[in-house]
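> build me a model:
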Amino acid sequence: MVDYDGEAPSYDATRGGEPRARAAADALERLLPQGPCTLLDIACGTGIVTRELLRPERTVLGVDRSPGMLALAAQRVPGGTACGDATQLPVASGSVDAVVMVWLLHLLPDPAAVLAEAARVLRPGGVLITTVDKGNAYFVEDSDIARITAELRRQYAPRVTDRVARVLDWTAPYGLELVDETVFPGTGQGRSPRSWLKEIDADGIPWCTHAAPDQVAEVGRRLSVLPDQDAPRPDPLYRLIALKA
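Numbers count the residues shown, from 1 in each chain. All right, here's what the predicted structure looks like:
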């Protein structure tokens with residue numbers, strides 16, 4: 001489990017920083033209601049994305065349970081942050097026009113309660129926007145690395161909680177229906193063959209830690225002979241879906 005209070009000062013720099021935050025916010029804007037509205041950013045973290053969503057006609061509130069993260073968010077969104085758990089939001093029922101959750105669901109062993117809370121606070125006709133399928137982001141675009149790792153991923157990819165089909169199953173009882181989607185790049189986060197090998201050797205790739213050692217060794221061998229060992233491959237493409245109440 002990540003110590004979010006401890007990591008707060010360096011969190012943004014290790015996760016794409018301002019370029020990725022701007023790309024995420026631009027993608028969110030394509031799915032958000034236009035004109036005056038109230039927006040809730042659940043698990044807003046340092047507020048690096050939340051700040052990009054501020055508009056004169058929009059009321060924005062960021063909620064997070066980490067005091068360390070919120071201390072930074074409060075600087076970026078003055079007067080617009082609150083400490084709270086995503087399963088017990090400090091927000092009245094039916095009071096917001098849009099709920100945003102960026103890179104949250106994949107962290108949760110069971111996001112059902114969080115999705116239920118998001119549905120509770122939405123007004124009729126409101127929209128829930130969330131990232132899904134985060135683990136596939138590096139393989140949306142074709143590359144030599146995507147091809148080499150495809151079989152191992154197919155066999156051993158964990159049953160993640162942010163898979164879009166599962167999210168739709170969880171939200172259907174609340175009358176939330178898929179109405180739109182988009183993608184955005186993790187700008188500057190493309191990985192080279194050498195960096196993938198380092199992650200595999202450090203047991204940082206779930207579909208490798210569950211695979212047979214000889215299978216992992218073969219994937220490692222094929223990665224090690226690719227040309228341009230230090231050249232990053234395509235940036236990951238993160239998927240956003242919009243569900244309307």
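
> please count neighbours and contacts with C-alpha atoms only from this point.
Fine.

> which strand of this protein spans the most residues?
Using DSSP state E to define each element, the chain has its longest strand at strand 122-132.

> just checking, what packs against the next helix or strand after that strand?
Reading on from strand 122-132 to the C-terminus, the next helix or strand found by DSSP states H and E is helix 144-156. Counting contacts by 3 or more CA pairs under 8 Å, 6 or more residues apart in numbering; DSSP states H and E, helix 144-156 is packed against helix 206-209, helix 213-224.

> chain neighbours aside, what residue packs nearest to the spatially most central residue of the chain?
Centroid-nearest residue in the chain, with CA atoms, centre = their mean: residue 103, separated by 2.0 Å. Counting by CA to CA, 6 or more residues apart in numbering, residue 103 lies nearest to residue 131, which is 5.8 Å off, once chain neighbours are set aside.

> measure the one you found to residue 62 for me?
Distance of residue 131 to residue 62, computed by CA to CA, to the nearest Å: 16 Å.

> these two: who's more crowded?
A count of neighbours by other CA atoms under 10 Å puts residue 62 above the other of residue 131 and residue 62, at 28 against 25.

> so that one sits in a helix?
No. Membership of residue 62 in a helix is not supported by DSSP: H, G, I helix; E, B strand; the rest coil, which gives strand.

> so what pLDDT did it get?
pLDDT for residue 62: 98.

> so who does it touch?
40-44, 47, 50, 73, 80-82 (CA atoms under 8 Å, 6 or more residues apart in numbering).

> I figured residue 90 was touching residue 84, is that so?
Yes. Counting by CA atoms under 8 Å, residue 90 touches residue 84, with 6.3 Å between them.

> more neighbours: those two, which one.
A direct count of neighbours by other CA under 10 Å for residue 90 and residue 84 places residue 84 higher, at 18 against 13.

> could you find the closest non-adjacent residue to that one?
residue 65 (4.9 Å).

> what distance do you get for residue 58 to residue 33?
Counting by CA to CA, the gap from residue 58 to residue 33 is 10 Å.

> let me know whether residue 24 touches residue 182 as I believe.
No. With contact defined as CA under 8 Å, residue 24 does not reach residue 182; the gap is 10.2 Å.

> what about these two, which has more around it?
Neighbour count, other CA under 10 Å: between residue 24 and residue 182, residue 24 has more, with 25 against 15.

> quick one on the thing from earlier: mind listing the residues bridging to the residue nearest to residue 103?
residue 240 (DSSP bridges).

> again with residue 58
Note on residue 58: beta-bridge partners residue 37, residue 55, judged by DSSP bridges.

> how many residues are close by it?
Residues lying near residue 58 (other CA under 10 Å) number 15.

> repeat that for residue 109.
Residue 109 has 10 nearby residues by other CA under 10 Å.

> check contacts around the residue nearest to it when sequence neighbours are not counted.
Nearest non-adjacent residue to residue 109, counting by CA to CA, 6+ apart: residue 161, 6.7 Å away. The contact partners of residue 161, taken as CA under 8 Å, 6+ apart, are 105-111, 167.

> these in strands, which ones?
Checking the contacts of residue 161 against strands, none of them qualifies (DSSP E).

> which of those residues tops the neighbour count?
Result: residue 105 is most packed of these (other CA under 10 Å), 23 neighbours.

> residue contacts, the closest residue to it other than its chain neighbours?
Excluding its sequence neighbours, the residue lying closest to residue 105 (CA to CA, 6+ apart) is residue 162, at 5.2 Å. By CA under 8 Å, 6+ apart, the contact list for residue 162 reads 105-106, 131-134.
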